[in-house]
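Trainee: turn this into a structure:
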Amino acid sequence: VQLQASGGGLVQAGGSLRLSCAVSGNIFRINSVDWYRQIPGKQRDLVARATSGGSTDYADSVKGRFTISTDNASNTVYLQMDSLTPEDTAVYYCNAYIWVDALNEYAYWGQGTQVTVSS
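Mentor: As a prediction, the model looks like this:
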């Protein structure tokens, strides 16, 4: 199983970016996909979560500005980030809990994608 994150970049404060996380490989069922972010020297923090049941959850700091969505046909999860501020600058990672068969569920991480918001 591989998670390929993309879509990071440099944007001015108030701007928008959309991150993508493409999940591929031996997938029986995707249970949930999360987006985390990490600033150097800090812990990796959960930003948003989408579950297979359709529920979503967000960190308080991004509620109302970020939207997580899924394309089940392509096994891709998106993170639409609007009204970005310099405090959103971080490396963003996608993480997924995936059933590879009926008995085994594992957690997988994608590589990070850098988001830089200039003031």
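
Trainee: CA only for contacts and neighbour counts going forward, please
Mentor: OK.

Trainee: got the contact list for stretch 86-94?
Mentor: Under the contact criterion Cα atoms under 8 Å, 6 or more residues apart in numbering, stretch 86-94 has outside partners 3, 5, 13, 21, 33-40, 109-119.

Trainee: neighbouring strands of the strand or helix carrying Trp35 in the sheet, and parallel or not?
Mentor: Counting by DSSP states H and E, the element that carries Trp35 is strand 29-38. Applying DSSP bridges to the sheet, strand 29-38 is found paired with strand 45-51 (antiparallel), strand 90-99 (antiparallel).

Trainee: quick one: mean pLDDT for the last one?
Mentor: The predicted model assigns strand 90-99 a mean pLDDT of 97.

Trainee: ok, the first one next?
Mentor: Model confidence over strand 45-51, given as mean pLDDT, is 97.

Trainee: cool, and stretch 110-119?
Mentor: pLDDT averaged over stretch 110-119 gives 96.

Trainee: swap in stretch 31-40?
Mentor: Stretch 31-40 comes out at a mean pLDDT of 96.
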